[in-house]
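**Q** Build me a model:
(one chain, ligands or ions: 1)
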Amino acid sequence: MTPIRYELIKTCKQTGARLGILHTPHGSFETPMFMPVGTLATVKTLSPEELKEMGAGVILSNTYHLWLRPGHDIVKEAGGLHSFMNWDRGILTDSGGFQVFSLSEFRRIEEEGVYFRNHLNGDQLFLSPEKAMEIQNALGSDIMMAFDECPPYPATYEYMKRSVERTSRWAERCLKAHQRPNEQGLFGIVQGGEFEDLRKQSAQDLVSLDFPGYAVGGLSVGEPKEVMNRVLEFTTPLLPANKPRYLMGVGSPDSLIDGAIRGIDMFDCVLPTRIGRNGTVMTSEGRVVIKNAKYARDFTPLDPNCDCYTCRNYTRAYIRHLIKCDETFGIRLTSYHNVYFLIKLMEQVRQAIREDRLGDFREQFFEQYGFNKP
Ligand SMILES: CNc1nc2c(CC[C@H]3O[C@@H](OC)[C@@H]4OC(C)(C)O[C@@H]43)c3nc(N)[nH]c(=O)c3cc2[nH]1
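**A** Numbering: from 1, shown residues only. Next up, the predicted model:
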């Protein structure tokens with residue numbers, strides 16, 4: 001019995017977006033959902049209580065980072081990641097594939113796995129499907145990701161074809177190395193870049209292995225949004241309707257809406273806490289860069305249409321002052337608002353799906369936020 005089950009509630013008549021429930025060993029959560037990123041076992045500056053009060057259901061953490069620091073053996077001794085970080089809802093861990101390709105300059109990809117340098121001290125490291133599974137089993141995440149190669153963008157057809165075939169072989173090795181399939185779900189990651197036939201090959205390879213869920217990888221790596229949307233249009237239909245679909249590393253408000261419209265159920269991205277740390281916030285009327293002098297005497301909330309803790313209690317002038325003075329409380333307030341904003345955006349998306357009007361919602365949101373016309 002797989003511990004991860006997707007329940008399709010309804011499909012939006014206007015767009016084809018899906019309203020669903022993701023059932024995990026640590027609770028059930030509505031989709032489409034945004035998953036805050038907690039790479040080093042914390043969603044930067046926010047407490048588990050704050051994440052719960054916002055409505056976060058599943059958060060992300062990462063094999064590569066936790067393997068290096070503090071070491072997956074220490075997390076295992078703590079009883080796993082849930083007890084180590086005091087989070088009793090869902091946890092998804094990425095397999096480390098992406099970080100190996102994004103963090104370390106030197107790396108050599110072989111059939112058995114990837115040789116690379118520890119980005120902290122330069123030591124030689126080796127990560128393989130089996131090692132990635134050993135680490136994720138130790139972390140005890142509810143959802144583990146298969147060890148894959150996220151190819152650079154752009155990549156040649158030949159390179160992409162070889163990479164897809166190796167990623168499919170690695171996925172099979174991950175399944176074989178899975179120690180607790182009844183307690184932890186394992187998602188396959190579809191690759192293939194912008195090549196429709198390679199996406200089809202990757203999807204078919206993975207679907208034949210019958211994973212409890214699937215991720216669309218290899219996107220949000222610098223390609224234009226039109227390319228991402230086109231790839232989704234011909235990739236999500238290849239995935240089983242009764243399994244969850246996770247678009248990795250996405251993203252900005254417009255990409256979340258456009259991904260949901262194309263059948264995606266789960267999203268993650270570091271954006272809300274990353275831009276929050278330099279004082280940039282997402283609001284219903286577009287981005288606000290709070291350090292701008294025009295906010296020095298602006299005693300209104302970050303977002304007039306937001307009811308979050310930050311917007312109910314503090315003004316732009318005060319938050320600008322804190323950010324300018326490098327006061328830690330400042331980035332807590334901006335990070336809180338940004339994560340809240342994306343979680344609430346997905347609530348609005350789910351409501352629009354319930355009422356078969358996600359297309360109308362997209363128009364109104366894009367207009368108000370200032371995204372260029374579709
Ligand atoms: C930003 N764009 C983007 N991110 C991607 C990821 C990584 C997703 C993980 O990396 C971090 O986002 C940078 C997040 O914080 C942690 C916790 C590290 O996990 C998240 C991917 N991961 C794998 N395994 N395979 C992929 O094809 C892939 C594609 C991506 N595109």
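**Q** which SS class is the most centrally placed residue in the chain?
**A** Residue closest to the average C-alpha location in the chain (Cα atoms, centre = their mean): residue 268, at 1.7 Å. Following DSSP: H, G, I helix; E, B strand; the rest coil, we place residue 268 in the strand state.
**Q** in what helix or strand does residue 56 lie?
**A** Using DSSP states H and E, residue 56 is not contained in any helix or strand.
**Q** Could you report the neighbour count for it?
**A** Neighbour count of residue 56, defined by other Cβ atoms under 10 Å: 25. C-betas here are computed from N, CA, C, even on glycine.
**Q** Repeat that for the one 3 residues further on.
**A** Neighbour count of residue 59, defined by other Cβ under 10 Å: 24.
**Q** Quick check, it in contact with residue 51.
**A** Yes - counting by Cβ atoms under 8 Å, residue 51 is a contact partner of residue 59 at 6.7 Å.
**Q** what touches both of those two?
**A** Among the neighbours of residue 59, those also in contact with residue 51 (Cβ atoms under 8 Å, 6 or more residues apart in numbering) are 36, 43, 87.
**Q** Redo these as a markdown table? Include secondary structure, pLDDT and distance to the ligand.
**A** As requested, those are exported to a markdown table (DSSP: H, G, I helix; E, B strand; the rest coil; pLDDT from 0 to 100; distance: Cβ to the nearest ligand atom, whole Å):
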| residue | secondary structure | pLDDT | distance to the ligand |
| --- | --- | --- | --- |
| 36 | strand | 98 | 10 |
| 43 | coil | 98 | 10 |
| 87 | coil | 98 | 13 |
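**Q** Filter these down to the buried ones.
**A** Taking 16 or more other Cβ atoms under 10 Å as the criterion, what is buried in the shared contacts of residue 59 and residue 51 is 36, 43, 87.
**Q** Could you find the closest non-adjacent residue to the second one?
**A** Once flanking residues are discounted, residue 43 sits nearest to residue 36: 4.5 Å by Cβ to Cβ, 6 or more residues apart in numbering.
**Q** Is it possible to get a markdown table of the shared contacts of residue 59 and residue 51 that adds distance to residue 243?
**A** Output for the shared contacts of residue 59 and residue 51, formatted as a markdown table (distance: Cβ to Cβ, whole Å):
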| residue | distance to residue 243 |
| --- | --- |
| 36 | 23 |
| 43 | 26 |
| 87 | 24 |
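**Q** quick one: the residue nearest to residue 43 from residue 54, how far?
**A** Here residue 36 is placed at a distance of 8 Å from residue 54 (Cβ to Cβ, to the nearest Å).
**Q** Overlap in contacts, those two.
**A** Common contact partners of residue 36 and residue 54 (Cβ under 8 Å, 6+ apart): 339, 343.
**Q** count of neighbours near residue 79?
**A** Residues within reach of residue 79, counting by other Cβ under 10 Å, total 10.
**Q** residues in contact with it?
**A** residue 140.
**Q** A strand includes it, no?
**A** No - secondary structure of residue 79 (three-state DSSP): coil, not part of a strand.
**Q** Tell me which helix or strand residue 59 sits in.
**A** In this assignment (DSSP H and E), residue 59 forms part of strand 58-62.
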